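Chemist: take this sequence and fold it.
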Amino acid sequence: MTIDTLRQVPLFESLDDDAAKQLCELLGTLDCEVQKVLFRAGDAGDAMYVIERGKVRICVQATDGHELTLAELGRGDFFGEMALLGGQRRSANAVVAEEARLAVLSREHFLSFIMRGNPNVALEMLSALANRLRRTDELLRHSTTRNVNEEMAARLTLADRAADILAEFGGSWKFIIAAVLFFNLWVLINSALLVLGKRGFDPYPFLLLSTAINMLAVLQAPIILMSQNRQAHKDRLRSEIDYQVNLKNELALQEILQRLKILERDSLRATSEKRRE
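Modeler: This next block holds a predicted model:
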């Protein structure tokens, strides 16, 4: 990677000529074919990658077995930086989506470059990491919400669906208007038959109508409660998933801050050693 190419990467655009030249000497080159797996979640992390050309897809395996794409990176983007900051295992999979050429920076070379007086690169990397975390948070929120709805829909039986339809109709203006029209028609027909000197099928005081209304109320109440209980269960499940996502992000932010403190301490130590020399 040349200095001009390196400057096109937002992470390194603020480097001066000497620092850019030093970094170019530390970078290795890797040509990759399509569908090549660069690393998987759980692998040891010892290097970060900068894309010179091509595309790389960052993805994770969801709990339902499906592959969830977190980001698709192109020319000038970088990934694998968490391995440099903490030296921990990979947290996601990296797969080449389009034939690519990558610049590789090992953790050893990265630390030596930072110690030479270039802490701004680490700060830019932490800023980019925080932005990616926000995007991942939003993606997980939408994904988990959709999965909750699909999971609940898959568990519904025919009786549950019928109860939901009846509960929705029973709490609408359609039901109110239909009930008012039906009751008035019932009363008018029996009243008209009484005026004509005939005995109606439910004469005043309309005991049959009262019995039907009572039976409707008795049956409608548990149907509405069944539907409300399922909605409450869905809300609890969604709240639990939101809590898990928030907790994960809080822990990740704490880890970022901890790594920032380590880099700051190492930078101050390197500055102090230079002054002594």
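
Chemist: hey, let's count contacts and neighbours off CA atoms from now on
Modeler: Will do.

Chemist: wait, Arg101 sits on Val34?
Modeler: No: using CA atoms under 8 Å, Arg101 makes no contact with Val34, being 11.0 Å away.

Chemist: those two: which is more packed in?
Modeler: More neighbours surround Arg101 than the other of Arg101 and Val34, with 20 against 14 (other CA atoms under 10 Å).

Chemist: part of a helix, is Gln35?
Modeler: No: under DSSP: H, G, I helix; E, B strand; the rest coil, Gln35 falls outside any helix and is assigned coil.

Chemist: okay but it is in contact with Ala94, surely?
Modeler: No: contact between Gln35 and Ala94 fails when scored by CA under 8 Å: they sit 9.5 Å apart.

Chemist: more neighbours: which of the two?
Modeler: More neighbours surround Ala94 than the other of Gln35 and Ala94, with 24 against 14 (other CA under 10 Å).

Chemist: for that one, which non-adjacent residue is closest in space?
Modeler: Once flanking residues are discounted, Ala94 sits nearest to Ile58: 4.7 Å by CA to CA, 6 or more residues apart in numbering.

Chemist: which helix or strand lies directly C-terminal to the helix or strand that the one you found is a member of?
Modeler: Using DSSP states H and E, the element containing Ile58 is strand 47-61. For strand 47-61, the succeeding helix or strand toward the C-terminus, using DSSP H and E, is strand 67-73.

Chemist: pLDDT on that next one, on average?
Modeler: Strand 67-73 carries an average pLDDT of 80.

Chemist: direction included, what does that strand pair against?
Modeler: strand 47-61 (antiparallel) (DSSP bridges).

Chemist: what is the neighbour count of Gly76?
Modeler: Gly76 has 20 neighbouring residues, counting by other CA under 10 Å.
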